[in-house]
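Q: Pasting the sequence and the predicted coordinates here, then a few questions.
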Amino acid sequence: MPRRKRLNLSDVPQHIIQRGNNHQATFFAEEDYRFYLDRLAGASRKYACTIYAYVLMTNHVHLLASAERAYGLSLMMQYVGRYFVRYINRTYRRSGTLWEGRFRASLVDTESYFLRCCRYIECNPVRANIVKVPGEYPWSSYRCHAFGVADALVTTHEEYVRLGRTDEDRQQAYRGLFRSELDLLELGEIRDMVNSGWPLGSDRFKDEIELALRSTVRPPKRGRPARNELAG
């Protein structure tokens, strides 16, 4: 079965995940994380992409990003992947693929899901029992959002700006969002949408995406089709 076409729209944030092949490690030392972030910064500039949130885990990467051109994110990820695989193979004297295949992505409704998606991404190290609180993990955008730590990779989104009138107010409000984890339904919805490639958002958001792309962006309903009584 041919794989479904990726949904791409300019200036609409996407939640991106790329996993190591067979869930194997992709980062082995601090220098690897730094190399990836450096290449990601360069690629985002090269292809006019904007990074809002990120986390680099041991065997996968999450990003929340948008692009000025519809296929900018694909070009950015291809660029980073190409250079990073070469670096890892050369550094650790290995060969072959590093990633499981093409990255997965989901268009995100900023009005309803932007901050939830940030929480999902930046809480990954906590859910994985690597740290107790997200601020302890060095390879994510959390410290930038929650404490104002400088991070040249991160661009502030308007949904973050709405959290408060000053930087201090916004940082305090952002930290407050992390006092509790997303509930299981929210976690499952975000995870399912990014893994399947369907948009994450309200029906109105999906209607707007379908109008822009002239294509359905909702998963098909399960079960047998309704019987046509007129067909006899």
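A: Cool, got the structure.
Q: low-confidence ranges in this protein?
A: Scanning the chain for pLDDT under 70 picks out 1-5, 222-232.
Q: ranges for the strands of it?
A: Here the chain has its strands, by DSSP state E, at 14-19, 49-56, 60-67, 104-107.
Q: Let's have those in TSV, adding distance to residue 26 and mean neighbour count.
A: C-beta: built from backbone N, CA, C; applies to glycine. Output for these, formatted as TSV (distance: least, Cβ to Cβ, whole Å; neighbours: other Cβ atoms under 10 Å):
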stretch	distance to residue 26	mean neighbour count
strand 14-19	8	22
strand 49-56	9	24
strand 60-67	7	24
strand 104-107	15	23
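Q: Now do the contacts for the residue nearest to residue 16 when sequence neighbours are not counted.
A: Of all residues not flanking residue 16 in the chain, residue 63 sits nearest, at 4.3 Å (Cβ to Cβ, 6 or more residues apart in numbering). Contact partners of residue 63, counting by Cβ atoms under 8 Å, 6 or more residues apart in numbering, are 15-17, 40, 51, 53-54, 121.
Q: My understanding was that residue 43 contacts residue 50; is that so?
A: No: using Cβ atoms under 8 Å as the test, residue 43 is too far from residue 50 to be in contact (11.9 Å).
Q: Could you find the two of the contacts of residue 63 that are most distant from each other?
A: The span of these, defined through Cβ to Cβ, is set by 15 and 40 at 15.5 Å.
Q: Would you check how far apart the residue nearest to residue 16 and residue 93 are?
A: 28 Å (Cβ to Cβ, to the nearest Å).
Q: so which of the strands of the chain gets nearest residue 208?
A: Checking the strands of the chain against residue 208 by Cβ to Cβ gives strand 104-107 as the closest, at 10.1 Å.
Q: and the closest one, how far out from the chain's middle?
A: In terms of Cα atoms, centre = their mean, to the nearest Å, the centre of strand 104-107 is set 7 Å apart from its chain centre.
Q: Show me what that strand pairs with in its sheet, parallel or antiparallel.
A: Using DSSP bridges, strand 104-107 pairs in its sheet with strand 14-19 (antiparallel).
Q: what's next to the partner strand, contact-wise?
A: With Cβ under 8 Å, 6+ apart as the test, strand 14-19 has contacts from 59-66, 73, 77, 81, 99-100, 103-108, 117, 120-121, 190, 193-195, 200.
Q: rerun at 6 Å
A: 60-64, 73, 99-100, 103-108, 117, 194 (Cβ atoms under 6 Å, 6 or more residues apart in numbering).
Q: do stretch 198-215 as well
A: Residues from elsewhere that reach stretch 198-215, judged by Cβ under 6 Å, 6+ apart: 9, 106-109, 112-113, 193, 217, 219.
Q: mind redoing it with 7 Å?
A: Stretch 198-215 has contacts (Cβ atoms under 7 Å, 6 or more residues apart in numbering) with 7, 9, 15, 106-109, 112-113, 190, 193, 216-219.
Q: From those, pick the one nearest residue 139.
A: Nearest to residue 139 out of the contacts of stretch 198-215 is residue 15 (Cβ to Cβ; 17.5 Å).
Q: Just want the angle from the longest helix seen in the chain to strand 49-56.
A: When the chain is parsed with DSSP state H, its longest helix is helix 72-91. For helix 72-91 against strand 49-56, the angle by axes from the mean of the first three to the mean of the last three Cα atoms, to 10 degrees is 50 degrees.
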